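1. From the sequence below, what's the structure:
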Amino acid sequence: MSLWFAAVLGLAPAAPVSSDAEAGAMVLQWDAPATCPDASAVLADAVALLRDPSPQRPLRARGEVSRGDGGFAVALSITTDGGEGSRRMEAAGCDELARMVALVLALAIDPRAAEAEVETDPAPEPGPPPQPEPVPVPALEPAAEPSAAPEPRRDPTPTSFVAPRRRPLRALVIQLGAGPGFFALPAASALLTFGLAYVQPWVRAEFALQYWTPTTTQSPVNALVGGRFQLFVASLRGCFAPSFGRVELPVCAVVDAGALFGRGTGPLQPPGTAAAPWVGFGGGPAVIVRLGPARRWGLWARVEGVGVPLRPNFETTPSGRLWRAPAGALRAAAGVELRFGVGARETPGRP
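-> Numbers count the residues shown, from 1 in each chain. Here you go, the predicted model:
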């Protein structure tokens, strides 16, 4: 039994080995089988291809090597100060795959690294020229010319790669979210929001629709008279939106315009509906965390306060004032967003 168990263990594939390495401003996280070169060897090959052996441009890369039926494959993602890129490459051997990764890393730092010559095998030295064969005639045949040296054999590794095209920084965004709202209605309410945004470096512009779910109140002078209120709002936001890797921290100014709807309730209140304009000015901070290799999806959260210069007033007859809107409102929301269009795709690299 022990021998059979040991044989089974011997057939199990070796687990990938993780290694990290740094060279100047270059950082590589490398997950690969134990038989493959480690992160230090890959970075050393990349630095050797650079014209400047001490690169100052920051680069962070992650490579995950897997073994397939036809050889090895790597999923490589690269982040520099100019953007992010990702690609997948395959090779028959892990050493060859590591050299390809090193060349892509060098190109991401300095595209001139593609001009580096590929090492070639030295041409075989020509042997001594053959001596002429003696012939049974007085005159000798002229010696044959030595054969020309064969062309040097080139390494099959491609001499250059086109690096992955950096993703454009502009994007169109769809947002969905929900959260609590305070002071715009007689009691705390739940709000639902749907929004569209246009994003480019440091700037974000948004248009959003909000619905505040109904709340109720009673007349301060007659408990048999009440009202049910709900709010519809359209919002325009302009944001200063610095980005730190996958995290964005927008700070936004907002203008709201909408309508506040009230309906009478209670046994002494005749049925009827009234509406009043609702306008607000304010702003607040937000945070967005982008997810996934392409960073299409994101999670966001926001807190905003607005002042309300027009305070709608609702009255009943004969009880008088039923409720008057406060001079401000506070809301918070969280949800998901999806990026698409001009800023969500990336053209992979090619040999």
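
2. Which residue ranges make up the domains of this structure?
-> 14-115, 171-343 (automatic domain parsing).

3. Might you report the residue contacts of residue 288?
-> For residue 288, the contacting residues are 247, 248, 249, 250, 298, 299, 300, 337, by CB atoms under 8 Å, 6 or more residues apart in numbering. Bear in mind the C-beta positions are built from the backbone N, C-alpha and C, glycine included.

4. name the helices or strands packed onto the one helix or strand residue 89 maps to?
-> Following DSSP states H and E, one finds residue 89 within strand 83-91. Counting contacts by 3 or more CB pairs under 8 Å, 6 or more residues apart in numbering; DSSP states H and E, strand 83-91 is packed against strand 71-80, helix 94-109.

5. Indicate which one of those is closest to residue 277.
-> For residue 277, the closest of the helices and strands packed on strand 83-91 is strand 71-80, at 47.9 Å, according to CB to CB.

6. Show me how far that closest one is from its chain's centre.
-> Distance of strand 71-80 from the chain centroid (CA atoms, centre = their mean, to the nearest Å) equals 16 Å.

7. Using CSV, lay out the contacts of residue 288 together with secondary structure and pLDDT.
-> Below are the contacts of residue 288 laid out as CSV (DSSP: H, G, I helix; E, B strand; the rest coil; pLDDT from 0 to 100):
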residue, secondary structure, pLDDT
247, strand, 95
248, strand, 95
249, coil, 97
250, coil, 97
298, strand, 95
299, strand, 97
300, strand, 98
337, strand, 96
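
8. what two of those residues have the greatest distance between them?
-> Across the contacts of residue 288, no pair lies farther apart than 249 and 337, at 14.7 Å, counting by CB to CB.

9. which one of those two has more residues nearby?
-> Set side by side, residue 249 and residue 337 show more neighbours around residue 337, with 21 against 14, by other CB atoms under 10 Å.

10. Show the contacting residues for that one.
-> Neighbouring residues of residue 337 by CB under 8 Å, 6+ apart: 173, 174, 175, 176, 197, 288, 297, 298, 299, 300.

11. Just the buried residues of these.
-> Buried members of the contacts of residue 337, scored by 16 or more other CB atoms under 10 Å, are 173, 175, 197, 288, 298, 300.

12. Which one of the contacts of residue 337 is nearest to residue 64?
-> Checking the contacts of residue 337 against residue 64 with CB to CB, the nearest one is residue 297 at 20.3 Å.

13. my read: that closest one touches residue 335, true?
-> No - in this structure, residue 297 is not within contact of residue 335 by CB atoms under 8 Å, at 11.4 Å.

14. Surely residue 29 and residue 65 touch.
-> No - using CB under 8 Å, residue 29 makes no contact with residue 65, being 11.7 Å away.

15. Just want to know which of the two has more residues nearby.
-> Ranked by neighbour count (other CB under 10 Å), residue 29 and residue 65 place residue 65 first, with 23 against 15.

16. nearest residue to that one other than its sequence neighbours?
-> Spatial nearest neighbour of residue 65, chain neighbours left out: residue 32 (3.7 Å); criterion: CB to CB, 6 or more residues apart in numbering.

17. so what's that neighbour bridging to?
-> residue 17 (DSSP bridges).

18. Surely it touches residue 63?
-> Yes - the criterion here is CB under 8 Å, and residue 32 meets it with residue 63 at 7.2 Å.

19. Within its sheet, name the partner strands of the helix or strand containing residue 322 and how each one runs.
-> According to DSSP H and E, residue 322 maps onto strand 320-324. Taking DSSP bridges as the criterion, strand 320-324 sits next to strand 313-316 (antiparallel) in its sheet.

20. List of residues touching the partner strand?
-> Contacts for strand 313-316 (CB under 8 Å, 6+ apart): 219, 225, 227, 229, 262, 264, 269, 274, 276, 321-325.

21. In TSV: the residues you listed, plus pLDDT, distance to residue 89 and neighbour count.
-> Output for the contacts of strand 313-316, formatted as TSV (pLDDT from 0 to 100; distance: CB to CB, whole Å; neighbours: other CB atoms under 10 Å):
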residue	pLDDT	distance to residue 89	neighbour count
219	83	73	21
225	82	74	22
227	88	67	23
229	95	61	25
262	90	64	24
264	82	70	19
269	61	73	19
274	88	67	16
276	93	63	15
321	82	73	12
322	84	70	26
323	89	66	21
324	91	67	12
325	91	61	22
